[in-house]
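> turn this into a model:
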Amino acid sequence: MSTKKLYAGELIAEYIGSFILIFFGASSVATLVLNGAQLGLWEISILWGMAVTIAIYITGGVSGTHINPAVTIALAAFRGFPWNKVLPYSLVQVAGCFTGAAASYLLFRNGFAQWEATQHVVRGSLASVKTAGIFSTYPASYLNNLEAFLVEMFITAMLLMVIFAVSDPKNTVAPRGNFGPLIVGLTITTIGGCFGSLTGFAMNPARDFGPKLFAFLAGWGNVALPAPGNYFWVPILGPIAGALAGGFVYEKFIAPYLALKASSLEIQEEVVEEENAVA
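Sure thing, here's the model as predicted:
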């Protein structure tokens, strides 16, 4: 297979993985808001986490399933991912999230219309933030943009440390084989259950901006972009800053000691072999 064909496959995989993420994730929130399903924060977090796990199982063998520009940037900064692929990956991730939101809307479109009619809410008004939030994230009312930025930075840093740990061949306690995607999904579930009430745990510029762009075009207007208080930039820059911070912490304070540990074990094994040979 040619390099160009493989690269095209990587971009297609990133698009499909990003589509899966929003198609399942946004639909879970639509089920809660529009149909009154008995779903709490924990259940919603599980569904988002499983959406990521499903996406990785389907597309990870081709592209690694970044499905997140913040992850792609961190991998380029610390793990040797080619910088010239960062922008194309990010663009198809946004496109996948945009169309994932569109597909979810297509299936729930009558539910949106019914909710707006029964609640007497005009799409695009401030009250329609509740349905715009099906697609993308908004902060708790008591958070300003800077506080929300810090939330997104910290939780994305935690996610990246897990991703780096799971994918580190020197980490002997990391899950191997098919269990890595499940751990990543459970990490997202844990973060969502603990911090989702603060900012909606975006942790992903494409996951937020792509659906916000769709909602903007689908009638939510300024409620979607730039969002109340010009919030749109927070789920973009916060996750990027957090991914870089998390990658730095892992590579600076964890990875070097894993290498030392591996080296120490090798020396011990050599000593044991020499002693056995003498005996």
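> just the pLDDT for the nearest residue to residue 124 once chain neighbours are set aside.
In this structure, residue 124 finds its nearest non-sequential neighbour in residue 221, 4.3 Å apart by CB to CB, 6 or more residues apart in numbering. C-beta here means a position set from N, CA and C on the backbone, and glycine is covered the same way. On pLDDT, residue 221 comes in at 98.
> how about the strand or helix carrying residue 59: buried residues?
Element membership of residue 59 [criterion: DSSP states H and E] is helix 41-63. Buried residues in helix 41-63, counted by 16 or more other CB atoms under 10 Å: 43-57, 59-60, 62-63.
> go on, stretch 68-83?
So, applying 16+ other CB under 10 Å, buried residues of stretch 68-83: 68, 69, 70, 71, 72, 73, 74, 75, 76, 77, 78, 81.
> and these, which is closest to residue 226?
The closest of the buried residues of stretch 68-83 to residue 226 turns out to be residue 69 (CB to CB; 18.8 Å).
> residues in contact with the closest one?
86, 89, 90, 93, 94, 204, 205, 206, 240 (CB atoms under 8 Å, 6 or more residues apart in numbering).
> tabulate those residues (TSV), appending neighbour count, pLDDT and distance to residue 8.
Putting the contacts of residue 69 into TSV (neighbours: other CB atoms under 10 Å; pLDDT from 0 to 100; distance: CB to CB, whole Å) gives the following:
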residue	neighbour count	pLDDT	distance to residue 8
86	17	98	17
89	28	98	12
90	20	98	16
93	30	98	15
94	21	98	18
204	31	98	23
205	27	98	23
206	32	98	19
240	22	98	26
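> where does the stretch 151-279 of the chain have low pLDDT?
Per-residue confidence for the stretch 151-279 of the chain (pLDDT under 70) gives these ranges: 262-279.
> still on that earlier bit, out of the contacts of residue 69, who's nearest residue 31?
residue 204 (20.8 Å).
> test my guess that that closest one contacts residue 68.
Yes. In this structure, residue 204 is within contact of residue 68 by CB atoms under 8 Å, at 4.2 Å.
> find residues that contact each of these two.
Common contact partners of residue 204 and residue 68 (CB under 8 Å, 6+ apart): residue 239.
> which ones are touching the residue nearest the centre of the chain?
Nearest to the mean C-alpha position of the chain, by CA atoms, centre = their mean, lies residue 204 at 4.7 Å. Counting by CB under 8 Å, 6+ apart, residue 204 makes contact with 21, 67, 68, 69, 70, 71, 156, 235, 239.
> do the same with residue 186
Counted by CB under 8 Å, 6+ apart, residue 186 has contacts residue 49.
> hmm, back to that, mind listing residues that contact the helix holding residue 59?
9-14, 16-18, 20-21, 23-25, 28-29, 32, 39, 65, 67, 89, 178, 180-182, 184-193, 196-197, 201.
> and that helix, C-alpha only, in CSV?
Written as CSV, here are the backbone C-alpha positions of helix 41-63 (Å, rounded to 0.1, in the frame of the first residue of the first chain):
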residue,chain,number,x,y,z
LEU,A,41,-24.5,12.4,35.1
TRP,A,42,-22.9,9.1,35.7
GLU,A,43,-24.9,7.3,33.0
ILE,A,44,-24.2,10.0,30.5
SER,A,45,-20.5,9.9,31.3
ILE,A,46,-20.5,6.1,30.8
LEU,A,47,-22.1,6.5,27.4
TRP,A,48,-19.6,9.2,26.3
GLY,A,49,-16.8,7.0,27.6
MET,A,50,-18.1,4.0,25.7
ALA,A,51,-18.4,6.0,22.5
VAL,A,52,-14.7,6.7,22.7
THR,A,53,-14.0,3.0,23.4
ILE,A,54,-16.1,2.0,20.4
ALA,A,55,-14.4,4.5,18.2
ILE,A,56,-10.9,3.2,19.2
TYR,A,57,-11.9,-0.4,18.6
ILE,A,58,-13.1,0.4,15.1
THR,A,59,-10.5,2.9,13.9
GLY,A,60,-7.5,2.6,16.2
GLY,A,61,-5.7,0.1,14.1
VAL,A,62,-5.5,2.6,11.2
SER,A,63,-5.0,6.0,12.7
